[in-house]
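Asks: 3D, please:
(chains A and B)
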Amino acid sequence: MKIDDDYLDAFEDDIVRLSRRTYAEAGVPMYLVPEDLTGATPPPEPDAEGAALAELFEAVTRALEARNGPLSSRDIAHVLEVLADRHFLDHPFSELSQ
Amino acid sequence: MILLPRTPAETVAELAAGFRTGRAIHLINYHATPSTCADEYRAQIAACAGRFASLADAGIDGLMRGKAGGKPVLAPILFEGFRDNYDVILPILEEHGFAGWFFIPSHFLNVPPRRQRIFAARHSLHYGPDEYPGERIAMSWDELRDAHARGHFVACHSRNHTALTPDTPDEVLHDEIVVAKQELEDGLGAEVDTFCYLYGAEFGLNPRADELLVKAGYRYLFSNFRLQKLQ
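Replies: Predicted coordinates for the structure are as follows:
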């Protein structure tokens, strides 16, 4: 997946906008990844929707790294917050904020 | 401050592999939930109704699978044990059929009401508009027991809202992991098997902490980027 400059500019604008939320009172959508350290969970079937999310996540992080240099853990959190804001609903979740 | 046991590049690769399985977990993180924001919370939760399955139907193992009945599972997380979680957002969640997940720093609920605001200020518990002047701002144990009895989940968010670092002393780890679990279970009257540090450190950051989590009997660890099943 190719991330062009316009997409990345808009993505960074969303990072800035969302990071200005009052986290102490806002509802913040977020993705987590499950990890079974017991090894008891059977490998899941391939999932097209999951593959699309993974591809977008990797492409955006690659593009941000190319533009800004090595990512920090905070950068990863910002990317996940924007993806969750854009994809939880069929419109940006943050549109529901005051 | 997000501390990871591996490099950011390694973390990105691991998270992408996790997303690829289609088991991404959908959370909404809340902290204080003042009544001044009730309309906003109602709109958010209403928009999620129908699109997501409730944690109540799926349980934490359903959350680990990411989906239940073909729908992604939604876990509204209510951090810190503020009284307005019980008064304001809990009825909204129930109105739309969602179970909430209360992440409780156990000692906060035992702090006398007169001391709760300074405790919050000193322990990074961010409390906004004061809706209960002269009264407690933490949930009571009765309220937490009531929420649990109504089908909501309870997890331990350390004892004093404490962050984990690689060099956190042993006595602090014991207090924040082991004593916290006992204190929360004593107040709740039920077992608690899920833990989350302030700032969401994950398994692997501090082996001494990892060992205590397992010995204490926790089965799940929430962190910034993962939900890890420990045992």
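
Asks: Can you classify the closest residue to B:P34 other than its chain neighbours by secondary structure?
Replies: Residue nearest to B:P34 in three dimensions, not counting chain neighbours: B:P129, with 4.8 Å by Cβ to Cβ, 6 or more residues apart in numbering or on different chains. Placement of C-beta: from N, CA and C, glycine included. What DSSP: H, G, I helix; E, B strand; the rest coil gives for B:P129 is coil.

Asks: now B:M1
Replies: coil.

Asks: what's the burial count for it?
Replies: By other Cβ atoms under 10 Å in any protein chain shown, 10 other residues sit near B:M1.

Asks: max-length helix in the chain?
Replies: Just going to use chain A. Looking across chain A with DSSP state H, the single longest helix is helix A:48-68.

Asks: if you could check chain B rather than the one you did, that'd help
Replies: Per DSSP H, chain B has its longest helix at helix B:8-20.

Asks: Now do that helix against helix A:48-68, angle only.
Replies: Interaxial angle of helix B:8-20 relative to helix A:48-68 (axes from the mean of the first three to the mean of the last three Cα atoms, to 10 degrees): 160 degrees.

Asks: just the strands in chain A please.
Replies: With DSSP state E as the criterion, chain A has strands at A:28-36.

Asks: actually chain B, not the one I wrote
Replies: All strands of chain B, identified by DSSP E, fall at B:25-30, B:53-54, B:67-68, B:71-79, B:101-104, B:153-156, B:194-196, B:220-222, B:226-229.

Asks: which of these has the lowest average pLDDT?
Replies: Ranked by mean pLDDT, the strands of chain B end with strand B:67-68 at the bottom, a mean of 80.

Asks: May I see the strands of chain B organised as TSV, with distance to chain A added?
Replies: As requested, the strands of chain B are exported to TSV (distance: least, Cβ to the nearest Cβ, whole Å):
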stretch	distance to chain A
strand B:25-30	4
strand B:53-54	14
strand B:67-68	9
strand B:71-79	8
strand B:101-104	12
strand B:153-156	13
strand B:194-196	11
strand B:220-222	7
strand B:226-229	5
